[in-house]
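>>> Show me how the following folds:
(one chain, ligands or ions: 2)
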Amino acid sequence: MEDKKSIKYWSMSSDKVLEELNLTTDGLSSEDAKLRLQKYGENSIKDKKKTSGLILFLSQFKNPIIIILIIATLISAATGEWIDALIILAIVLGSAILSFFQEYSASNAIEKLRAKVQAKTIVLRDGKLIEIPSIKVVPGDIIKLSAGSLIPADGLILESLDFFVNQSVLTGESLPSEKESGIVAKDASMEERINCVFMGTNVHSGSATVMVIETGSDTEFGEIAKKLTLRPPETDFESGVRHFGYLLTKIMLILTLTVFAINVIFKRPPIDSLLFSVALAVGITPQLLPAIISITLSMGSRSMAKAGVIVRRLNAIENFGSMDVLCTDKTGTLTEGTIRLDGAMDFEGQSSDDVFRLAYINAKLQIGMTNSLDQTIIDAKDIDISNVKKQGEIAFDFTRKRLSVIVQDDNKTKMIVKGAFSSVLDICNSVQTRETQKSIDDTTLAKIQKSYADWSNQGIRVLGIAEKIITLKEKYVVEDEKDMVFMGFLLLFDHPKADVSKTIVELENKGVSLRIITGDNRLVATHTAQSVGLKVSGILTGSELMKLSDEALLNKIETTNLFAEVDPNQKERIIMTLKKRGHVVGYMGDGINDVPALYASDVSISVDNAVDVAKESADFVLMENSLKVLNNGIQLGRTTFSNTLKYILVTTSANFGNMFSMAGASLFLPFLPLLPKQILMINFLTDFPAINIARDSVDSEILEKPRRWDIGFIKRFMITFGLISSVFDYLTFTILFVGFKAQHGIFQSSWFVFSILTELLILLIMRTQKPFYKSKPAPILIYSVAIVGAITLILPYVRPINKILDIEPIRPLILIALFGIIVMYIITTETAKHYFYKSKWRDNNVNRKNKRIL
Ligand SMILES: Nc1ncnc2c1ncn2[C@@H]1O[C@H](COP(=O)(O)OP(=O)(O)OP(=O)(O)O)[C@@H](O)[C@H]1O
Ligand SMILES: [Mg+2]
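Ligands and ions are numbered 1, 2, ... in the order given. A predicted model of the protein is given here:
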């Protein structure tokens, strides 16, 4: 095939394009498709996120501090200190390899999981319509698109019906644009090419048959994606981590520069001083943070996958744990989702075959959107409508909430409307009795309303059916839906799920309040809510919402937990308002009408059998539509959050404290308190237990409430425990230097051992809010602490490592003194921790407005 764009396919008739590209409307054979797949490659934009191993390895060195360290080391090598330089480089490399392997295996696991949820497309292959993964679509395929489809490639429309496409991703235009086959000018812009569809956009309503012209990175979307990386907005967690990074960088810079300057002023050798201060900086940077995050997230996503939740956007896991409001639609989540037809009734409430026939015609002939409701009607009873000829259709949309077909039936042209009860009643002015038609007076209206209310109160979904005789014309529009005759009701029932009430209580206990946002009417919604044990504290309907100002809604929203008769934009508005109130809001939905709300929420959740656009906009996809699965997910989200925070707290207390004291000590001592290579070795050894924090167990108390990032908390923590650690550090300095008159060799060796041991013990203490002996760490954490502790104690005696690191055996008396200090340190920290959490740990339900979030 020649270059397809050069033929400007949009400016040619579809027949001409078919001819030009040697295609037919019968689609490809599977043989041909296979060849084309080889030739054009898979239909996906080369995923830039999938970083190669090499890039990931190099990224371990992207930290400027590491680069400075390497440069400084090379300089010191040039001045003759090449053995030390080699040692430093070896340790730096060792650290990088450690975190690289951890991160690499984590990110691989995630890729595999993500591939589990794929968008699918219906294509014509070997003359049959089949569903294939969208990445297997090739140029030349004939595909069928309907409402909710994610358009998999660029193509030319062959046939369409009321086909509206949402192209905002590409053109920024937020309203859906109508598309149909035809010819446009050669130089037409993307917006003007109304005969084309583009990858990445989605079908708002209607349906179409499309010939695929370009796939993968040859598409318009691919062109754009090449130029920019579309970055989703930052989550709370991401910005938290970023700010934490800034905070440490600031401290680190000040510290490094000061230490360096002072050492230079005291006329110490500049290269040594530089290496020392840079090594300190390395000690302070939480360089394991990316690895820790990758591991916790990948472990989280793996266990979530086991629990039936596929994570599409990793960083949202943390948000999952901090979510305190969960909004959900009704069908399929609270109810079984398998709708049963309970009957078709005339306006007086008597069972009526005529009404069913109208509903059947409407459901059978509509082609706008495949949906379970119409399927239920078609499956309920098979009737022969072969003499009914379709003339037109006004597709369903979630604002109008009705669907019209225009047919030739009984020699008459009729419009048959089916839709939400009030939306249908609104357009009727008369009613069909058994004998005749009469206009709707107050008594009739009251009667109709009463039947509707009675059914609804039993949890039955009521649809209205109406018809009228209409003149035959080319095209029908929404304005034609008026002056109709109300024909009757269609009753549908959907069982509430059995286990939902238990899960709602569990969620409530976890600090997550459930709210229902549904398009169904308020009576049915209330009934369903009650039957699943959700206490309705307040209801708002779509029309009430419309009248409320943003401020009024902001006031009302806290007490409202049931929203009924809402349209897609109102769903979004509700989510936005809840967010404004400071909640971390989750939204769970499966239809196109849920997409705006999914986008607006902090945590978007969909299900495997949802429409593609909904799945595509979700952070999480549940393999089964159940609240229970979700409940497990929240637990894992909180575990992930907790372990990341643990690492930060451990690093900012012991590690940070140590480095800080050393900076201070370097001012008073006539020698360096530790050699640069020793600092790096401490850092390297303590990395092993630290990285296992990602795999640690979490106290159940911590999982009870949603938690948020709070930089204030971390700062207070850092200052409190940093100070305590400093006090003991200076005590140690004094005892060593003054008490034991230790000179540099013995001083550095003692300090080396002391540093590592305190860091290990602090890790065990800080990992829990409870007294450390009351919380059981994961075995791997205990082992790594024990092994590193043992290594540290014997290292001064092991040749040649002790020589390489310049550490020597420590006198027993000094060792005893060090142990004494360590015991006191532990007792003090435990006590301080107890009071600290008692007074300051009140970050549950943090309000976005009141507290700065880290
Ligand atoms: N195919 C259809 N034909 C006619 N009316 C329909 C159709 N689909 C939906 N409706 C009407 O539109 C209303 C809103 O649709 P729907 O219930 O799917 O919205 P929702 O917000 O997704 O609700 P849910 O919480 O039940 O998922 C329905 O209650 C029904 O009255
Ligand atoms: Mg729905």
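>>> Might one say that residue 369 is in contact with residue 393?
No: the criterion here is CB atoms under 8 Å, and residue 369 misses it with residue 393 at 11.0 Å. C-beta coordinates here come from the backbone N, C-alpha and C atoms, glycine included.
>>> Disregarding residues adjacent in the polypeptide, which is nearest to the spatially most central residue of the chain?
The centre of the chain sits closest to residue 619, judged by CA atoms, centre = their mean, with a distance of 2.9 Å. Counting by CB to CB, 6 or more residues apart in numbering, residue 316 is the residue found nearest to residue 619 once chain neighbours are left out, at 3.7 Å.
>>> what does residue 605 give?
Counting by CB to CB, 6+ apart, the nearest residue to residue 605 once its immediate chain neighbours are dropped is residue 588, at 4.1 Å.
>>> Near ligand 2, which residues of the chain are found?
329, 331, 591 (CB under 5 Å from the ion).
>>> Closest one to residue 546 out of those residues, please.
residue 329 (19.3 Å; CB to CB).
>>> What number of residues are in the vicinity of that closest one?
24 (other CB atoms under 10 Å).
>>> who's in contact with it?
516, 517, 518, 519, 588, 589, 590, 591, 594 (CB atoms under 8 Å, 6 or more residues apart in numbering).
>>> And the residue of the stretch 101-250 of the chain that's closest to ligand 1?
In the stretch 101-250 of the chain, the residue that lies nearest ligand 1 is residue 147 (10.3 Å; CB to the nearest ligand atom).
>>> Next: the chain.
Using CB to the nearest ligand atom, the closest approach of the chain to ligand 1 is made by residue 519 at 2.6 Å.
>>> Determine the three-state secondary structure at that residue.
Of the three states, residue 519 takes coil according to DSSP: H, G, I helix; E, B strand; the rest coil.
>>> Ligand 1 next: which of the residues of the chain next to ligand 2 are close?
When the residues of the chain next to ligand 2 are checked against ligand 1 using CB under 6 Å from any ligand atom, the ones in range are 329, 331, 591.
>>> where does the second one fall, helix, sheet strand or coil?
Just to be clear, that refers to residue 331. coil.
>>> Give me the phi and psi for it.
With angles defined as degrees, to the nearest 10, residue 331 sits at phi -70, psi 130.
>>> How about the contacts made by the closest residue to it other than its chain neighbours?
Leaving aside its sequence neighbours, residue 331 sits nearest to residue 337 (CB to CB, 6+ apart; 5.5 Å). Shown in contact with residue 337 (CB under 8 Å, 6+ apart): 331, 372, 494, 625.
>>> What of residue 717?
Contacts of residue 717 by CB under 8 Å, 6+ apart are 649, 652, 653, 836.
>>> The last one: neighbouring residues, count only.
This points to residue 836. Using other CB under 10 Å, residue 836 has 17 other residues around it.
>>> Count the neighbours of the nearest residue to it once chain neighbours are set aside for me.
Distances taken as CB to CB, 6+ apart put residue 720 closest to residue 836, at 5.9 Å, once the chain neighbours are dropped. Applying other CB under 10 Å, we find 17 residues neighbouring residue 720.
>>> Could you report the separation of residue 720 from ligand 2?
Going from residue 720 to ligand 2 by CB to the ion, to the nearest Å gives 50 Å.
>>> Look up how far residue 337 lies from that residue.
For residue 720, the distance to residue 337 equals 52 Å [CB to CB, to the nearest Å].
>>> What ranges does the stretch 351-500 of the chain have for its helices?
353-365, 372-380, 421-425, 442-457, 500-509 (DSSP state H, counting those that start in this stretch).
>>> What strand or helix carries residue 605?
Secondary structure assigned from DSSP states H and E places residue 605 in strand 603-607.
>>> Could you pull up phi and psi at residue 94?
phi -60, psi -50.
>>> ditto for residue 100
phi -60, psi -50.
>>> ok, how many other residues are close to it?
Residue 100, neighbours per other CB under 10 Å, totals 18.
>>> And for residue 447?
Residue 447 has 16 neighbours, counted by other CB under 10 Å.
>>> any chance of the residues of the chain next to ligand 2 in a markdown table, with pLDDT and distance to residue 690 too?
Below are these laid out as a markdown table (pLDDT from 0 to 100; distance: CB to CB, whole Å):
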| residue | pLDDT | distance to residue 690 |
| --- | --- | --- |
| 329 | 88 | 43 |
| 331 | 83 | 47 |
| 591 | 83 | 45 |
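>>> what's the average pLDDT for stretch 565-575?
The pLDDT scores in stretch 565-575 average 91.
>>> Which positions in that stretch come out as buried?
565, 566, 567, 568, 570, 571, 572, 573, 574, 575 (16 or more other CB atoms under 10 Å).
>>> before we move on, the earlier item: wait, the residue of the stretch 101-250 of the chain closest to ligand 1 sits on residue 176?
No: using CB under 8 Å, residue 147 is not in contact with residue 176; the gap is 10.3 Å.
>>> what is in contact with those two at once?
Here residue 147 and residue 176 have 204, 205 as joint contacts, going by CB under 8 Å, 6+ apart.
>>> okay, those two: which has more neighbours?
Neighbour count, other CB under 10 Å: between residue 147 and residue 176, residue 147 has more, with 25 against 19.
>>> How about the contacts made by that one?
With contact taken as CB under 8 Å, 6+ apart, residue 147 is in contact with 203, 204, 205, 206, 207, 368, 369, 395, 396, 592, 611.
>>> same thing but at 7 Å, please
203, 204, 205, 206, 368, 369, 592 (CB atoms under 7 Å, 6 or more residues apart in numbering).
>>> Only alpha carbons, please: show the next helix or strand after the strand holding residue 605 as PDB.
As assigned by DSSP H and E, the chain's next helix or strand after strand 603-607 is helix 612-616. Extracted as PDB, the C-alpha positions of helix 612-616 are listed here (Å, rounded to 0.1, in the frame of the first residue of the first chain):
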ATOM      1  CA  ASP A 612     -14.300   0.900  26.700                       C
ATOM      2  CA  VAL A 613     -14.300   4.700  27.400                       C
ATOM      3  CA  ALA A 614     -15.200   4.100  31.000                       C
ATOM      4  CA  LYS A 615     -12.500   1.400  31.300                       C
ATOM      5  CA  GLU A 616     -10.000   3.700  29.600                       C
END
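>>> can you pull out the strands in the stretch 501-650 of the chain?
513-517, 539-541, 562-564, 585-588, 603-607, 620-622 (DSSP state E, counting those that start in this stretch).
>>> what packs against the last one?
The one in question is strand 620-622. strand 309-311, strand 603-607, helix 627-650 (3 or more CB pairs under 7 Å, 6 or more residues apart in numbering; DSSP states H and E).
>>> Partner strands of it and their direction?
When pairing is defined by DSSP bridges, strand 620-622 lines up against strand 309-311 (antiparallel), strand 603-607 (parallel).
>>> Out of these, which gets the lowest mean score?
strand 309-311 (a mean of 86).
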